[in-house]
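Colleague: structure for the following, please:
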Amino acid sequence: MPIDIDILTDAADLRAAQQVFRTAMVGVPPLSAESGDGLNELGRTLGARVAGELVGTVNSYTSWLVAPGGARLPHAAVTHVGVLSTYARQGIASALLRRQLTDIAERGEVVASLRATQGGIYERFGYGVAGSAARCEIDVRRARFRDTVPAAGPVRLLTPADGWEVPAKIYATADVSWTGAIDRPSHWWRLQQLMRGHGHVAVHGEPGAEDGFVRYRADETTDWSRRPERTVVVDDLVATTPAAYLGLVRHLLSADIVDRVVLTATAPDAPLRHLLTDERALRVTEIRDETWLRLIDVAAALTRRAYRPGRPVVLAVTDPLLPANTGTYRIADGAVTAVDAPPDLSADIAALAAAYLGGTRWGHLSLAGRVTEHRPGAAAAADVLFGVADHPFSGTYF
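Modeller: Model (predicted):
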């Protein structure tokens, strides 16, 4: 069955690709023709056709990703992967993803990442789980801040007219520098507005100098105000300073009418429970994979992240889809050098991606047989070099 893949540029084709994706996902509601405009970055949407029919699609956004140490790497945010169920398991998704990897490499982007609807697909294309997110629930009736928690700055509610523009400006101008954070281009903000157009937004900081925001809403139920347990759902919380984090959390817990606050995605090691006099007022109800990372240029990615002091490690990497990445690299004294030497560790590109941000330990990968240790203690040495202070977390779903 011949599969023709090309870059979609016509407006009608881009709308059709949006519909293909939503049909393939089954539970994603359709968009009107007009509302779907502006959701795709031009030149980055691929379409797969069989006998002239558009049956599959994938696209990406130009972005950046923060590596350990704070460097912002050129990054492709991969999204909207979908194939019509009538054409499933015929190699169409594989053809799209392979072609996309080649296109991303030609653009000179160093890494790519995605959020996976299904977990068993993307490792064979070189993606590894590099960061996680936690879902937390707070019993507001029991949650009290410790007296030792510092006060924060001013928090104010935005009007609906400012509810999207101001957060986008904060994210673009404040110090978004935690490991795993990614850029949020205009296409991302437009999609969020379509998906989550209702709710409330509070910001921290003086007007024009805000350093954080939170978007929240009542849970989707009827007769919310009369329910015995009234729940607020937090869709997005961005705090670029400790003061912003404290101020926004205090705001969430301050409404007398609210009984429970649900944070849909927060860092697994977020400090929230330590702020409370009763830590059991907070429950972590789920930890799930968040960032599926793919290294597009291994040499550049390894060179541009920071390392902790430790014993040198010689790492051999194999990448069957982007063979230019296959090679051996010595990591020592904070520097990375391509070498022709026996390796201490061998890994495929997906295992390296999982360990790259510091969220997955080399020792665990070795235990699972995903990396080979040629020198005893090499995995432990790599864990020291690749170690990070905080668990990698993006906070941006796309």
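
Colleague: which residue lies farthest from the center of the chain?
Modeller: For the chain, the largest distance from the centre (CA atoms, centre = their mean) belongs to Arg226, which lies 36.2 Å off.

Colleague: for Gly363, give its distance to Glu229.
Modeller: Applying CB to CB, to the nearest Å, the value for Gly363 to Glu229 is 42 Å. Every residue, glycine included, has its C-beta placed from N, CA and C.

Colleague: ditto for Val262
Modeller: With distances taken as CB to CB, Val262 is found 11 Å from Glu229.

Colleague: so those two - more neighbours on which side?
Modeller: Val262 (17 against 11; other CB atoms under 10 Å).

Colleague: phi and psi next, for the closest residue in space to Glu279 that isn't next to it in sequence.
Modeller: Once flanking residues are discounted, Glu279 sits nearest to Arg273: 4.5 Å by CB to CB, 6 or more residues apart in numbering. Main-chain dihedrals, Arg273, degrees, to the nearest 10: phi -60, psi -30.

Colleague: surely Arg273 and Arg283 touch.
Modeller: No. If you go by CB atoms under 8 Å, Arg273 and Arg283 don't touch, sitting 9.4 Å apart.

Colleague: in the protein, where is pLDDT below threshold?
Modeller: Low-confidence segments of the chain (pLDDT under 70): 30-36.

Colleague: pop the domain breakdown of it in here.
Modeller: 4-126, 133-289, 298-386 (automatic domain parsing).

Colleague: would you reformat these as TSV and include distance to Thr396?
Modeller: Shown next, in TSV, are these (distance: least, CB to CB, whole Å):
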stretch	distance to Thr396
domain 4-126	8
domain 133-289	5
domain 298-386	14
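
Colleague: which one of the ones you listed lies closest to Tyr397?
Modeller: Ranking the domains of the chain by proximity to Tyr397 (CB to CB) places domain 4-126 first, at 5.8 Å.

Colleague: chain center to that closest one: distance?
Modeller: How far domain 4-126 lies from its chain's middle: 15 Å, per CA atoms, centre = their mean, to the nearest Å.

Colleague: gap between the two ends of it?
Modeller: Chord length of domain 4-126, first to last residue, is 23 Å (CA to CA, to the nearest Å).

Colleague: can you check stretch 43-61 too?
Modeller: Termini of stretch 43-61 sit 10 Å apart (CA to CA).

Colleague: list the buried residues in stretch 6-21.
Modeller: Buried residues in stretch 6-21, counted by 16 or more other CB atoms under 10 Å: Leu8, Asp13, Leu14, Arg15, Ala16, Ala17, Gln18, Gln19, Val20, Phe21.

Colleague: so which residues of the protein form helices?
Modeller: 11-25, 92-106, 165-173, 186-195, 242-252, 298-304, 349-356, 362-367, 378-386 (DSSP state H).

Colleague: which of these sits closest to Arg141?
Modeller: Closest among those, using CB to CB: helix 242-252, at 13.7 Å.

Colleague: just the strands in the stretch 201-350 of the chain please.
Modeller: Counting by DSSP state E, counting those that start in this stretch, the segments of the stretch 201-350 of the chain that form strands are 212-218, 231-239, 260-266, 282-295, 313-318, 327-332, 335-338, 345-348.

Colleague: may I see the ones you listed arranged in a markdown table, with distance to Val55 as well?
Modeller: Compiled in a markdown table, the strands of the stretch 201-350 of the chain are given as follows (distance: least, CB to CB, whole Å):
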| stretch | distance to Val55 |
| --- | --- |
| strand 212-218 | 35 |
| strand 231-239 | 32 |
| strand 260-266 | 32 |
| strand 282-295 | 24 |
| strand 313-318 | 32 |
| strand 327-332 | 37 |
| strand 335-338 | 41 |
| strand 345-348 | 30 |
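
Colleague: if we can go back for a sec, how about JSON lines for the helices of the chain, with distance to Gly82 added?
Modeller: Converted to JSON lines, the helices of the chain look like this (distance: least, CB to CB, whole Å):
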{"stretch": "helix 11-25", "distance to Gly82": "3"}
{"stretch": "helix 92-106", "distance to Gly82": "8"}
{"stretch": "helix 165-173", "distance to Gly82": "27"}
{"stretch": "helix 186-195", "distance to Gly82": "15"}
{"stretch": "helix 242-252", "distance to Gly82": "35"}
{"stretch": "helix 298-304", "distance to Gly82": "28"}
{"stretch": "helix 349-356", "distance to Gly82": "22"}
{"stretch": "helix 362-367", "distance to Gly82": "30"}
{"stretch": "helix 378-386", "distance to Gly82": "34"}
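
Colleague: highest mean neighbour count out of those?
Modeller: Mean neighbour count (mean count of other CB atoms under 10 Å) peaks for helix 349-356 among those, with a mean of 26.

Colleague: packing partners for that one?
Modeller: Secondary-structure packing of helix 349-356 (3 or more CB pairs under 8 Å, 6 or more residues apart in numbering; DSSP states H and E): strand 128-139, strand 282-295, helix 298-304, strand 313-318, helix 362-367, helix 378-386.
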